[in-house]
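Asks: I would like the atomic coordinates for the input below:
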Amino acid sequence: MRPRRCGMRRSPWLENHNSAWRLQALCVGEDPELFFPLAETERATARARAVCRRCPVLLDCRDWAIRHGETDGVWGDTTASQRRAIHSAALDR
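Replies: Modelled structure (predicted):
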């Protein structure tokens with residue numbers, strides 16, 4: 001069984017860590033399972049990524065996930081493997 005988690009929950013922690021952008025995220029209130037599928041396939045991530053593409057804080061979310069090395073789930077319309085590739089490309093510059 002995989003852990004249930006979602007970085008987009010409202011909590012006092014958010015206000016104290018320069019993450020106020022999370023309060024504007026469209027994924028707040030969505031089922032966390034949508035953003036943390038068992039497999040990283042196009043089909044499994046399509047619904048989550050559709051939410052992300054409409055989100056006003058997509059870039060903030062993506063940047064946060066890359067900077068913090070988030071290894072699971074869909075963040076800012078990217079999967080974990082896409083974020084790893086972005087991070088690696090940035091290191092190669």
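Asks: pLDDT below threshold where in the protein?
Replies: Applying pLDDT under 70 to the chain flags the ranges 1-18.
Asks: Strands of the protein, start to end?
Replies: Here the chain has no strands by DSSP state E.
Asks: Nearest the geometric middle of it, what residue?
Replies: Nearest to the geometric centre of the chain sits residue 75, at 1.7 Å (C-alpha atoms, centre = their mean).
Asks: So that residue sits against residue 60, correct?
Replies: No: applying C-beta atoms under 8 Å as the test, residue 75 and residue 60 come out as separate, 10.1 Å apart. C-beta: built from backbone N, CA, C; applies to glycine.
Asks: tell me which residues of stretch 61-76 are tucked away?
Replies: For stretch 61-76, burial by neighbour count (16 or more other C-beta atoms under 10 Å) applies to 61-62, 64-66, 70, 72-76.
Asks: Please convert these to TSV, extending it with distance to residue 53.
Replies: Formatted as TSV, the buried residues of stretch 61-76 follow (distance: C-beta to C-beta, whole Å):
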residue	distance to residue 53
61	12
62	11
64	17
65	15
66	17
70	18
72	20
73	16
74	11
75	13
76	10
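Asks: just these now: which is nearest residue 43?
Replies: Distance ranking of those against residue 43, using C-beta to C-beta, places residue 74 first at 12.7 Å.
Asks: Could you tell me how far that closest one is located from residue 45?
Replies: Computed with C-beta to C-beta, to the nearest Å, the distance linking residue 74 and residue 45 is 5 Å.
Asks: what do these two both touch?
Replies: residue 37 (C-beta atoms under 8 Å, 6 or more residues apart in numbering).
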